[in-house]
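>>> Task: produce atomic coordinates for the following.
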Amino acid sequence: MSDATAPAASGSPDTRALGRELVDTFGKGWAKGDVPLLMSVFHDDAVFIETPFSDPRKGREAILLYWRDVPVHQAEVTFTSGEIFAAGPWFSAEYKVSFRRRRTGEWVEARGAMFCEMSGGRISELRMYWHRWAGGREG
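The predicted model follows:
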């Protein structure tokens, strides 16, 4: 997703580096259906907001309730993310996820952005903005 002509990401190198590590771990967990790996990026008191119109899920157990069924419904998942932009304890990145629905075999692609706040080296708040396209295209 990154473009060689795009301006360099802002923010401290430490925030960018940690943000990159957290996004990569989150994406790897999602792609592999490894919910414990995905959950490892969240602080114990984290807040997860799936879309701007979703109710916040507060705490690891509430966040786990959202993510635990994802591997049951999604197969052949790929996750990629773009440049990390950082400011203070916040970082953001664009992402793309593609998967096949297990029930129907339909391909789905979602593209969006994630906005994260960190505390203690983990994500304390994750807000996602995304749009999904489902159209049966070949993977």
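
>>> what about the strands in the protein?
Taking DSSP state E, the strands of the chain run over residues 42-49, 57-58, 74-81, 85-87, 90-101, 107-119, 122-134.

>>> Redo the ones you listed as a markdown table? Include mean pLDDT, distance to residue 25 and mean neighbour count.
Placement of C-beta: from N, CA and C, glycine included. Below are these laid out as a markdown table (pLDDT from 0 to 100; distance: least, CB to CB, whole Å; neighbours: other CB atoms under 10 Å):
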| stretch | mean pLDDT | distance to residue 25 | mean neighbour count |
| --- | --- | --- | --- |
| strand 42-49 | 97 | 10 | 18 |
| strand 57-58 | 98 | 19 | 16 |
| strand 74-81 | 97 | 11 | 16 |
| strand 85-87 | 96 | 17 | 18 |
| strand 90-101 | 97 | 13 | 19 |
| strand 107-119 | 96 | 12 | 17 |
| strand 122-134 | 93 | 10 | 16 |
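
>>> Nearest approach to residue 19 belongs to which of the ones you listed?
strand 90-101 (3.3 Å; CB to CB).

>>> tell me what that closest one is packed against?
Secondary-structure packing of strand 90-101 (3 or more CB pairs under 8 Å, 6 or more residues apart in numbering; DSSP states H and E): helix 13-32, strand 74-81, strand 85-87, strand 107-119.

>>> how about a cut-off of 10 Å?
helix 13-32, helix 70-73, strand 74-81, strand 85-87, strand 107-119, strand 122-134 (3 or more CB pairs under 10 Å, 6 or more residues apart in numbering; DSSP states H and E).
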